[in-house]
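[1] quick one: sequence and predicted model below, then my questions.
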Amino acid sequence: MLGPEHLISVAANIQCLLLDVDGVLTDGRLYYNSQGEVSVSFHIQDGLGIRALLTHHLEVGILTGKNHPAVTHRMQALGVKHLYQGLSDKVPTYESLLKTFKLSESQVAYMGDDLPDLPILQRVGLSVCPADANPYVQETVSWVTRAKGGRGAVRELVDFILKAKHL
């Protein structure tokens, strides 16, 4: 974990936020209806935070292992253009986004909650997880939010980044 002053300095340098979905933008639970269709829920404050980043011309990308039509709809509604679903390995997409955005790893924040997120969490400038993330992930990241996944953790991170940038 980084000290408070260093954490603010790192956050001030962020130009891109990448997010996992299940356990980060959602609480990780999957709801099945009688037809076997899956639904998930999103926290409104997380969405407002994502829009705030986009308004301030910071890049936002979604990297997730699953395919959820609900995620597609939610990200379209928020204006997120960089949505990558069904990734068994997120690293190639991450590396492609660095090139697309012309950013160094120190300019990227990533929030993930479980072991598949570690390869990116270990590379980015600001690695963050929700309060209810896997314990090993919590030991690895720069910062653990107070909020749980799907319960405002993304908004907490966004507010921190914007405050560090004086936006």
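    Okay, I see it. Numbering: from 1, shown residues only.

[2] and the most centrally placed residue in the chain, backbone torsions?
    The centroid of the chain falls nearest to residue 19 when counting by Cα atoms, centre = their mean (2.1 Å). With angles defined as degrees, to the nearest 10, residue 19 shows backbone torsions of phi -130, psi 140.

[3] quick check: it touching residue 53?
    No. Contact status for residue 19 versus residue 53: not in contact, 10.4 Å apart, counting by Cβ atoms under 8 Å. Quick note: C-beta positions are derived from backbone N, CA and C, even for glycine.

[4] please report how far the residue nearest to the centre of the chain lies from residue 124.
    Separation of residue 19 from residue 124 (Cβ to Cβ, to the nearest Å) stands at 12 Å.

[5] on that earlier part again, what sits in contact with each of residue 19 and residue 53?
    With contacts taken as Cβ atoms under 8 Å, 6 or more residues apart in numbering, residue 19 and residue 53 have residue 60 as neighbours in common.

[6] picking that back up, now for residue 19 and residue 124: what residues contact both?
    Common neighbours of residue 19 and residue 124, using Cβ under 8 Å, 6+ apart, are residue 110.

[7] name the nearest residue to residue 143, sequence neighbours excluded.
    Counting by Cβ to Cβ, 6 or more residues apart in numbering, residue 128 is the residue found nearest to residue 143 once chain neighbours are left out, at 4.9 Å.

[8] helices and strands of the chain: which one bottoms out on pLDDT?
    strand 38-39 (a mean of 84; mean pLDDT, DSSP states H and E).

[9] name the strands paired with that strand and say parallel or antiparallel.
    Listed by DSSP bridges, the sheet partners of strand 38-39 and their directions read strand 31-32 (antiparallel).

[10] against residue 37, how distant is residue 111?
    When distances are taken as Cβ to Cβ, residue 111 and residue 37 turn out to be 27 Å apart.

[11] on that earlier part again, backbone dihedrals for the residue nearest to residue 143, please?
    phi -140, psi 150.

[12] quickly list what it is bridged to.
    Bridge pairing for residue 128 (DSSP bridges) gives the partners residue 111, residue 143.

[13] ok, it - contacts?
    Residue 128 is in contact with 109-111, 141-145, 157, counting by Cβ under 8 Å, 6+ apart.

[14] and it, how far from residue 154?
    Separation of residue 128 from residue 154 (Cβ to Cβ): 9 Å.
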